[in-house]
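In: Sequence and predicted structure are below.
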Amino acid sequence: MTICGSLPTPSVTIGEGQEDSGGPPAIIWDWDDTILPSTFLADGKSDSTYLDDSLMSLQETVVKVLSRAIVLAGPYVFILTSSSPGWVHESCQLYLPQVVPLLAKVTILHSKEYCRELSVISRKFRRLYFSEDKGLKSTKLATVLSIVPTLKPMPRRVVLVGDQYEDVAIAQALRQGGVEARTCLFAAAPTPNELRRELQWLLNGKTLDRLLVDDALPQSDFTLKRNRPARPSGTIQRTTALTPDQEATVQEAVMEQLMNYGEGMVSKEHRATLAEYAACVLQTQTTVSEMVSEMEQFLQGNAESFIEWLITFCESHGLAHPERKAKKATPRGGSQRVRVSVYATARRRDEGDSVFVIV
């Protein structure tokens, strides 16, 4: 099932009647780099034999995880994408053909087309979701906030899985409207093997089951990030050391700076978590390039300018920081202090793919 703009015009107020929500859980998947490794495929850097083998393994995992999601969430399984209508089916047929039959059991939402069509028929939608310059604030956000209230019965919770902050930042808007939301943020631009391991993590230990149906799950937001393997001890060199007060100063400044990097940073909770992570990166990386690489999974194209700002901030405040031209690199340490707890570490990397840490 594919939806562009055919749903009835909903009320966008979610909070009313949430105490009566007793339906099945809902799960909203991103497509590109969450189910299909689109960036890797577009780069075309892998030989055909490796690509065929890795896509076959990925395909088997995608079938398992989508099938399990359908069992748990029934009709409330969605694929939300900002791509053009037809892309999900076409790319699935080309790269993951065994997954195609499952697409008939999920609802595919093309957010840009959905919002374009809905804005034509709904004055209320235009007023709420268009900014002053007539540009849509976030088509994915607008689509979710328009569709969730139309679901009858109301889902008991909504789980969002994606590789961009935009995909999971939607949860904050849902929570503000009284909807319980949980998120899983995958690493950006994965290889097929990396994506397979991320999806397998959802299956291992029934993590997907717990995200959808466990009312007592103590953690609502999960992030899977790349973690480099440890280098020989002779290369380990710690170049920065911040006192607790200095670290707090850095985090406060980072909180403000992150507001410049899009709607995904509007949530104070997201910015606070990322500010703590940025302070940790500052203390455990010895080259600017290492720091940029670490932050790219969250800030994408803004990572380099962010690290430049962070180094400049440290210089102006007399705080320790890596030298811009340092050559040696320090591995990630065990001193990370992020708000969410470390739950597991994925298998050793193979064929050049990254190790993942789930936080």
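Out: Perfect, I can see it now.

In: Could I get the full set of strands for the stretch 1-150 of the chain?
Out: Counting by DSSP state E, counting those that start in this stretch, the stretch 1-150 of the chain has strands at residues 2-3, 26-30, 77-81, 107-110.

In: Out of the ones you listed, which gets nearest to residue 57?
Out: The closest of those to residue 57 is strand 26-30. By C-beta to C-beta, the value is 19.1 Å. Quick note: C-beta positions are derived from backbone N, CA and C, even for glycine.

In: Which residues outside the closest one are in contact with it?
Out: Residues outside strand 26-30 that contact it (C-beta atoms under 8 Å, 6 or more residues apart in numbering): 35, 69, 72-73, 76-81, 144, 148, 151, 155, 157-164, 167, 170, 211-212.

In: Residue 113 contacts residue 86, correct?
Out: No. Counting by C-beta atoms under 8 Å, residue 113 does not reach residue 86; the two are 10.1 Å apart.

In: Please identify the deepest-packed of the strands of the stretch 1-150 of the chain.
Out: Of all those, strand 26-30 has the most neighbours on average by mean count of other C-beta atoms under 10 Å, namely a mean of 25.

In: how far off strand 77-81 does that one point, in degrees?
Out: Here strand 26-30 runs at an angle of 30 degrees relative to strand 77-81 (axes from the mean of the first three to the mean of the last three C-alpha atoms, to 10 degrees).

In: start the count at 11, not 1, going forward
Out: All set: I'll call the first residue 11, so the last point we hit is now strand 36-40.

In: Parallel or antiparallel, list what pairs with strand 36-40.
Out: Applying DSSP bridges, strand 36-40 is found paired with strand 87-91 (parallel), strand 168-172 (parallel).

In: got the CA positions of the last one in CSV?
Out: Included here for strand 168-172 are C-alpha records, laid out as CSV according to Å, rounded to 0.1, in the frame of the first residue of the first chain:
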residue,chain,number,x,y,z
VAL,A,168,4.9,4.8,18.2
VAL,A,169,8.4,3.5,17.4
LEU,A,170,10.6,5.4,14.9
VAL,A,171,13.6,3.8,13.3
GLY,A,172,15.9,5.8,11.0
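
In: Can you list the buried residues in the helix or strand following that strand?
Out: Scanning forward in sequence from strand 168-172 by DSSP states H and E, the next helix or strand is helix 175-186. By 16 or more other C-beta atoms under 10 Å, the buried positions in helix 175-186 come out as 175, 176, 177, 178, 179, 180, 181, 182, 183, 184, 185.

In: Next: stretch 183-199.
Out: Those would be 183-185, 187, 189-199, for stretch 183-199 by 16+ other C-beta under 10 Å.
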